[in-house]
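Participant: pasting the sequence and the predicted model now:
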4 protein chains.
Amino acid sequence: MDTREIKLSGHIIDSLTLPKTLDLIMDMGGDFEILDVNIGKQKKDVSHAKIRVIGNDESHLGEILDELSEIGAVISEIKEIELVPSTKDKTLPEDFYSTTNHPTQVRYNGQWIEVEDIEMDCMIVIDPESKRAFCKPIGRIEEGDLVAVGREGIKVEPPERPRGKKGVFEFMSSEASSEKPVRSIVKNIASEIREIKKRNGKIAIVAGPAIVHTGSAPILARMIREGIIDVLFAGNALATHDIENDLYGTSLGICTKSGEAVVRGHRHHIYAINEINKAGSIKEAVEKGVLKSGIMYECVKNNAPFVLAGSIRDDGPLPDVITDVIQAQDEMRKYAQDVDMVIMIATMLHSIAVGNILPSYVKSICVDINPATVTKLADRGSAQVVGVVTDVGAFLPILYESLEGLECIKD
Amino acid sequence: MDTREIKLSGHIIDSLTLPKTLDLIMDMGGDFEILDVNIGKQKKDVSHAKIRVIGNDESHLGEILDELSEIGAVISEIKEIELVPSTKDKTLPEDFYSTTNHPTQVRYNGQWIEVEDIEMDCMIVIDPESKRAFCKPIGRIEEGDLVAVGREGIKVEPPERPRGKKGVFEFMSSEASSEKPVRSIVKNIASEIREIKKRNGKIAIVAGPAIVHTGSAPILARMIREGIIDVLFAGNALATHDIENDLYGTSLGICTKSGEAVVRGHRHHIYAINEINKAGSIKEAVEKGVLKSGIMYECVKNNAPFVLAGSIRDDGPLPDVITDVIQAQDEMRKYAQDVDMVIMIATMLHSIAVGNILPSYVKSICVDINPATVTKLADRGSAQVVGVVTDVGAFLPILYESLEGLECIKD
Amino acid sequence: MDTREIKLSGHIIDSLTLPKTLDLIMDMGGDFEILDVNIGKQKKDVSHAKIRVIGNDESHLGEILDELSEIGAVISEIKEIELVPSTKDKTLPEDFYSTTNHPTQVRYNGQWIEVEDIEMDCMIVIDPESKRAFCKPIGRIEEGDLVAVGREGIKVEPPERPRGKKGVFEFMSSEASSEKPVRSIVKNIASEIREIKKRNGKIAIVAGPAIVHTGSAPILARMIREGIIDVLFAGNALATHDIENDLYGTSLGICTKSGEAVVRGHRHHIYAINEINKAGSIKEAVEKGVLKSGIMYECVKNNAPFVLAGSIRDDGPLPDVITDVIQAQDEMRKYAQDVDMVIMIATMLHSIAVGNILPSYVKSICVDINPATVTKLADRGSAQVVGVVTDVGAFLPILYESLEGLECIKD
Amino acid sequence: MDTREIKLSGHIIDSLTLPKTLDLIMDMGGDFEILDVNIGKQKKDVSHAKIRVIGNDESHLGEILDELSEIGAVISEIKEIELVPSTKDKTLPEDFYSTTNHPTQVRYNGQWIEVEDIEMDCMIVIDPESKRAFCKPIGRIEEGDLVAVGREGIKVEPPERPRGKKGVFEFMSSEASSEKPVRSIVKNIASEIREIKKRNGKIAIVAGPAIVHTGSAPILARMIREGIIDVLFAGNALATHDIENDLYGTSLGICTKSGEAVVRGHRHHIYAINEINKAGSIKEAVEKGVLKSGIMYECVKNNAPFVLAGSIRDDGPLPDVITDVIQAQDEMRKYAQDVDMVIMIATMLHSIAVGNILPSYVKSICVDINPATVTKLADRGSAQVVGVVTDVGAFLPILYESLEGLECIKD
């Protein structure tokens, strides 16, 4: 038997740190002794607990401590983070530490320093010169990188339950059902957006082609023009159908106004790609006057950055599409750490991709007509995502209406 | 080997009567010889075909003819319909004829007479006194009823492809996808409704409780008040939550305005039932001023008939609910044959129930966020149903908007 | 401002009683002061807490206490339960207490007595003569019944987290995903069944017609014959297609062996109903040798009770179907309180109906290919239900295999 | 008004060429005159029709003829194919011809020549030296390529209805429902596989990670070892979880035997990638004895080619993953034209990608627990795909069982 003391602090009862700690220990076949517990008497008071964790042996105890560290438990006796250099590009030392998407600090040189660019399933690498800690995916690890291993000297801060009534994000986060009043949910999201915009915050959209199919592209275009949406993450399909819609009034050959199939319409997306290929790029198509409206047009006109990531099912693709998916991920990372909210609409693939690289404190909304998409996103670790199960063609118009009068300052 | 001649006529090529005939014969292991075929040269011309159907023996041939009769093929040599009396209530003679939901005529006393109240999976019963033919479900067969057997003297008329461009119903009927521009689909439905209302036609709604949960109850209430909707088919849940919404502003305890759970709200539906039980019935609750708005209120105020059919999962139920399901079916039958259009929203159970008793020429729309509901409805034989996959909370407001300016004459 | 003291005891940290208590108070805009807390030091130790709950006024405080009572908080100062007689059949006094599905005790005549036949959304009625407390649905309340009101003298016991590793039911309960190893999940369920059968426990099945469509009817029939399944809850469709399958080898006209449509097959279910109508009942059909195998046959032969509840979409129905849904509910209640496990397969309607009348300690499994069915069941209050998302046609054969060698003693 | 004569021949009634022709003309607002029609009298006889198509003007007529050409109508007066050179890489001349996935011939130098490597939404390019015609996606068009334009000299052959009873593929193709007897459907697929293997045909699998999650990886590994499966199309996730399963017994951290979450399991997929990165590639990991079993192992050991296509949501990825999606498509094309059957399991992304590059005569089966996946695949043009809605974890074991005794000759 081996034991170790841990400390918990904060709103450890209602933010579930203490319950989860006991739960985990029991689930993993360990035992515990509560050494000291100090429950805050009033709402604002923080609580503290000191617990002796008991494992069958050192390795068992290590496993338990490992899991506990992810939910915010801190080993009482503070040691420095342990570092081992990588011996080869893209490879990791034994017992490497794998990150959560919560803010994380490491104890280095007697200091707690913040891990920069935190995202889940990555490694912590220390730069001894700048004394900074970075979050790096395995594919970017280089020989010689000092990679954190073990579980000493690492502190994770999961989000806490807010005092008082829960906000829209806490309130909705557990639910993804189609049997909700969509208008009132959208109103809540709209008021969140207003607050973000008031403080000049940034909002990204992850957009699937159904936005165009369902006739909502003009609304999204307007939201970009008005500075509500700052960044666009999408794929070849969204951009192609948006351009198809601008040039021919169809999406996948269906008229987005009347809903009817248009003669020869199923060729329009190839026509659209052809036109952009001729111009050289989306930007050049805008400049040459070929492309005159739509989502992509407004991105170009308003300097809203967009990342079009390639996918194996792409036709074409458009010249602006980054066909190498790892390059595309890195391009997405440039913007993801910087946004205050992400709205994911009708694309499981891109939503999971963006969800993977977001810190847990970025407010995320996933809108899809299929409840399974939202569930899957949460299963993949993006637990903070709020799901709205509704028709994509209805969501954006209602959201835009609810934002009436909002004025955004654009950079 | 046994053979028999059949005749086809009408737009037998593009309405698929001829292709389906050949397909069925081949699928059933039979053979055919085309004796004569006269294809209409121009769009408006009808075509005719005479085909010799070849089966392995009499019984095999009978089976083939049986199937062919359902798609509109007529046996060339016209005989009278064969009738056998039922020997016991709710029981049928051997080889009874089972109806389709298409208009059907029978040859009786040398005359072709229309089968009244046609619906699928029922029997044809002849009243020798009035010389009328009726469609009866097995549960209503009485001893002595003259039941049609075999396949002689029966003529079925499946719907034909319209000449010219297809209307919204033909155009949409094959598709149920969420990736459609819902606004334009709704516009098409709205123009169909305008036409029906112009000729004083009747529209029924089959309504699930999600209409209330999603905040659309006031819209439906208005549509009843304005005479757009003439008949309501629903269950205990729709009525209970509508009344809950009127009395307490919630549906299943969720505020239909804000989408938030209300304190003690999960008791509201029992409160609502309690209030109606105290009043005696929904009508009395309206008269006593207990119930002052909503779907049920408008039904009472505007003499729009409603049928509330019981279900095994009901709480309560309300005193107006018909708890015997067979009685409820009969009550629904009183109105179903008389309507020109049925809009089915967010209830698979009641939609299939109503679909079962509708003739194929009644225009039916099924609105659900789950594509499987629409598919299942078609699988159960209601092939004429047009599916719209969208958020119920978005559908009714958009439909109502699209109907602006419509004035209905109420009885 | 108004305050009241409550007490919590048990494993209040990891069973979440304390966290939920604080959460609820804050969510409802109340405040709290923790007066005393005594956290059990070791795994087996129970914990205690005494909390002062603070509301804005008496009514606000009352609302908070109301909600707290449902999660197991007990008002410190013990008073008797308050009773008000009903003044009319099916109607309730103001402020009536609405039950949860957890074991509940009431303080009557200075004694804590158990509420019998507990199920959710019902009322507590005291019989002053026998001094017993009963759970009654609103529809069964009679004039003069003494109905519990307010929140004094009521003690609810929600399930606690088991000490040590969680069992299969706790472990699975939160999840309903198709991306799981179905074979190992089924093995866990099978071992639970073995334990129940070892102690002569009873297992009910709630069965949808897809069991027959997917070819699994013979397996279920065998499970009834071997005494694994003791009670059957189903509708007209399951019974009709089972009988259709026994008489004609088809289900909805599809051969259950080959999966192909059978000639004239879509009439078979009417044939099947006709045969049972001729015999008089399912039992008589078995006795007369008309029905020779299948699910219903085995129920009759092995005296396994079955309840066939009518639904508005029924064809026929069979003479054994209880067409009045409230009568059918009562018939189901006769068996529901008595079972140790319920397996719900491929029927949302009947599963919710049975879920409504089950106490929370009955182990329930819901098997469906559609994840939404499981979610909906939990939404309707049956939170204890474990969901398995899989093909119904695969589930029963694998379950039966996993039960090999199990011998059940039949009554 | 402008007119043109077209000819149809083959089983134009029951294969629906004639009905679709009339339907299309009417739908597009055109008119027709049937000049001559010669319906085959017996089952084996082919039919012929000559039709005058009437459009409002030349362009309208052109549009109609364009659509008709895709369903097999041939312009009576045979002209040569019209060719226009591309003026820039990846760009197309006006009015280019966009391919279907049906076998296609072009009239060049007075000869009908077959278009090689046919797939949908591509262009026809003629090599004047070799006098061969190729199918090329827009992204591969080079300056100077002679691209087919207009609609003269092009003959498309859609699949015809087989004489006699339909085979399993024709019989199932219209249906995707979970309420089917999965065992009998799988038996039909198995007998199709037996026939393909008897004539040394090739079978590809498109495999999603749910195969590993659901515990079916060992079955697929065996099918590769035994030569039943010849080619694997998948992504990083399938390969990573397969390797995770081989090295640690888990998939996404869940034990594939017991279904339980394993301590630290959510790091296993990064461990797995790390191990392969250390070895250099999957092949080297097999050779070095690191990887000792599983799907990828058997591919390496049995020289079954595999294409791992990158996706934007990939962790890692494995060194064998082709991160450039266009390169990955080309790699897939190397094998797709060569296979006789494709089984697509639990991956919409890769299934659509492979569906895009398959000719219509390759038998394709799509297995998924979500009916929407199958529908979407058909919507994207892969109409020949047969859908099986079932649990992936049940499908492969049943299929393998049904193939017992099958011996394949491996190259």
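Facilitator: Cool, got the structure. Just so it is clear, the model here is predicted, and its values are computed rather than measured. Numbers count the residues shown, from 1 in each chain, chains lettered A, B, ... in the order given.
Participant: please count neighbours and contacts with C-alpha atoms only from this point.
Facilitator: Fine.
Participant: quick check: residue A:246 is in a helix.
Facilitator: Yes - in this structure, residue A:246 lies within a helix as judged by DSSP: H, G, I helix; E, B strand; the rest coil.
Participant: how about stretch A:303-312, does it reach chain D?
Facilitator: Yes - figure legend: stretch A:303-312 in contact with chain D (C-alpha under 8 Å from any C-alpha of the partner chain); contacting residues A:309, A:310, A:311, A:312.
Participant: shouldn't the third one be in contact with residue D:313?
Facilitator: Same thing as residue A:311. No - the pair residue A:311 / residue D:313 is not scored as a contact, 10.1 Å apart, by C-alpha atoms under 8 Å.
Participant: those two: who's more crowded?
Facilitator: Neighbour totals were compared for residue A:311 and residue D:313, and residue A:311 leads with 31 against 22 (other C-alpha atoms under 10 Å in any protein chain shown).
Participant: next up, the contacts around the more buried one.
Facilitator: Residue A:311 is in contact with A:235, A:236, A:323, A:325, D:310, D:311, D:312, D:325, counting by C-alpha atoms under 8 Å, 6 or more residues apart in numbering or on different chains.
Participant: now do the closest residue to residue A:388 other than its chain neighbours against residue A:351, distance only.
Facilitator: Take residue A:388 and drop its neighbours on the chain: the residue closest to it by C-alpha to C-alpha, 6 or more residues apart in numbering or on different chains is residue A:367, 4.8 Å away. Relative to residue A:351, residue A:367 is positioned 10 Å away (criterion: C-alpha to C-alpha, to the nearest Å).
Participant: and the two? Which one has more around it.
Facilitator: When residue A:367 is set against residue A:351 and neighbours are counted by other C-alpha under 10 Å, the residue ahead is residue A:351, at 30 against 27.
Participant: A helix includes that one, no?
Facilitator: Yes - under three-state DSSP, residue A:351 falls within a helix.
Participant: leaving out chain neighbours, which residue sits closest to it?
Facilitator: residue A:344 (5.8 Å).
Participant: partners of the helix or strand where that neighbour lies in the sheet?
Facilitator: When secondary structure is defined using DSSP states H and E, the element that contains residue A:344 is strand A:341-345. Strand pairing for strand A:341-345, determined by DSSP bridges: strand A:203-207 (parallel), strand A:363-368 (parallel).
Participant: just checking, residue A:211 touches residue A:392?
Facilitator: Yes - at 6.4 Å, residue A:211 counts as touching residue A:392 under the criterion of C-alpha under 8 Å.
Participant: got the phi and psi for the residue of the stretch 151-300 of chain A found nearest chain D?
Facilitator: In the stretch 151-300 of chain A, no residue comes nearer to chain D than residue A:274, which is 5.3 Å away by C-alpha to the nearest C-alpha. As for residue A:274, its main-chain torsions (degrees, to the nearest 10) stand at phi -60, psi -40.
Participant: now check the lengthiest helix in chain A, is it near chain B?
Facilitator: For chain A, the helix that runs over the most residues, judged by DSSP state H, is helix A:182-198. Yes - when contact is scored as C-alpha under 8 Å from any C-alpha, part of helix A:182-198 falls within range of chain B: A:182, A:183, A:184, A:185.
Participant: got it, and stretch A:231-248?
Facilitator: No - judged by C-alpha under 8 Å from any C-alpha, stretch A:231-248 stays clear of chain B, getting no closer than 12.6 Å.
Participant: avg pLDDT for that stretch?
Facilitator: Over the span of stretch A:231-248, the pLDDT mean works out to 98.
Participant: how about it, does it get close to chain D?
Facilitator: No - if you take C-alpha under 8 Å from any C-alpha as the test, stretch A:231-248 misses chain D, and the best it gets is 9.6 Å.
Participant: same check on stretch A:389-399?
Facilitator: No - using C-alpha under 8 Å from any C-alpha, no contact is recorded between stretch A:389-399 and chain D, whose separation bottoms out at 15.1 Å.
Participant: export that stretch as PDB, just CAs?
Facilitator: C-alpha atoms of stretch A:389-399 as PDB (Å, rounded to 0.1, in the frame of the first residue of the first chain):
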ATOM      1  CA  VAL A 389     -30.900  20.800 -31.900                       C
ATOM      2  CA  THR A 390     -32.800  22.800 -34.600                       C
ATOM      3  CA  ASP A 391     -33.100  23.400 -38.300                       C
ATOM      4  CA  VAL A 392     -30.000  25.200 -39.500                       C
ATOM      5  CA  GLY A 393     -32.200  27.100 -42.000                       C
ATOM      6  CA  ALA A 394     -34.200  28.500 -39.100                       C
ATOM      7  CA  PHE A 395     -31.400  29.200 -36.600                       C
ATOM      8  CA  LEU A 396     -29.400  31.900 -38.300                       C
ATOM      9  CA  PRO A 397     -32.400  34.100 -39.300                       C
ATOM     10  CA  ILE A 398     -33.700  34.000 -35.800                       C
ATOM     11  CA  LEU A 399     -30.300  34.700 -34.300                       C
END
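Participant: what does the stretch 201-350 of chain A put close to chain D?
Facilitator: Taking C-alpha under 8 Å from any C-alpha as the criterion, the contact residues of the stretch 201-350 of chain A with chain D come out as A:263-264, A:267, A:270, A:274-275, A:277-278, A:309-317, A:323-326, A:328-329, A:349-350.
Participant: list buried residues within these.
Facilitator: Listed as buried from those are A:263, A:267, A:270, A:274-275, A:277-278, A:309-317, A:323-326, A:328-329, A:349-350; burial here means 16 or more other C-alpha atoms under 10 Å in any protein chain shown.
Participant: between the residues of helix A:182-198 next to chain B, which is nearest chain B?
Facilitator: Within the residues of helix A:182-198 next to chain B, proximity to chain B (C-alpha to the nearest C-alpha) peaks at residue A:184, which comes in at 5.0 Å.
Participant: tell me the contacts of the closest residue to the closest one other than its chain neighbours?
Facilitator: Excluding the flanking residues, the one nearest residue A:184 by C-alpha to C-alpha, 6+ apart is residue B:258, at 5.0 Å. Contacts were defined as C-alpha under 8 Å, 6+ apart; by that measure residue B:258 touches A:181, A:184, A:185.
Participant: surely the last one and residue B:256 touch.
Facilitator: To tie it back to what came earlier, the one meant is residue A:185. No - taking C-alpha under 8 Å as the definition, residue A:185 is not a contact partner of residue B:256, at 10.2 Å.
Participant: who has more neighbours out of those two?
Facilitator: Set side by side, residue A:185 and residue B:256 show more neighbours around residue B:256, with 26 against 18, by other C-alpha under 10 Å.
Participant: contact partners for the more buried one?
Facilitator: For residue B:256, the set of contacting residues under the criterion of C-alpha under 8 Å, 6+ apart consists of A:181, A:184, B:212, B:213, B:214, B:215, B:245, B:249, B:250.
Participant: try residue A:140
Facilitator: By C-alpha under 8 Å, 6+ apart, the neighbours of residue A:140 are A:89, A:90.
Participant: try 10 Å
Facilitator: Contact criterion C-alpha atoms under 10 Å, 6 or more residues apart in numbering or on different chains gives A:89, A:90, A:91, A:122, A:123, A:326, A:330, D:316 as the residues in contact with residue A:140.
Participant: and those as CSV, adding secondary structure, pLDDT and distance to residue C:409?
Facilitator: Below are these laid out as CSV (DSSP: H, G, I helix; E, B strand; the rest coil; pLDDT from 0 to 100; distance: C-alpha to C-alpha, whole Å):
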residue, secondary structure, pLDDT, distance to residue C:409
A:89, coil, 96, 64
A:90, coil, 96, 61
A:91, coil, 97, 59
A:122, coil, 96, 56
A:123, strand, 97, 57
A:326, helix, 96, 62
A:330, helix, 96, 64
D:316, coil, 94, 55
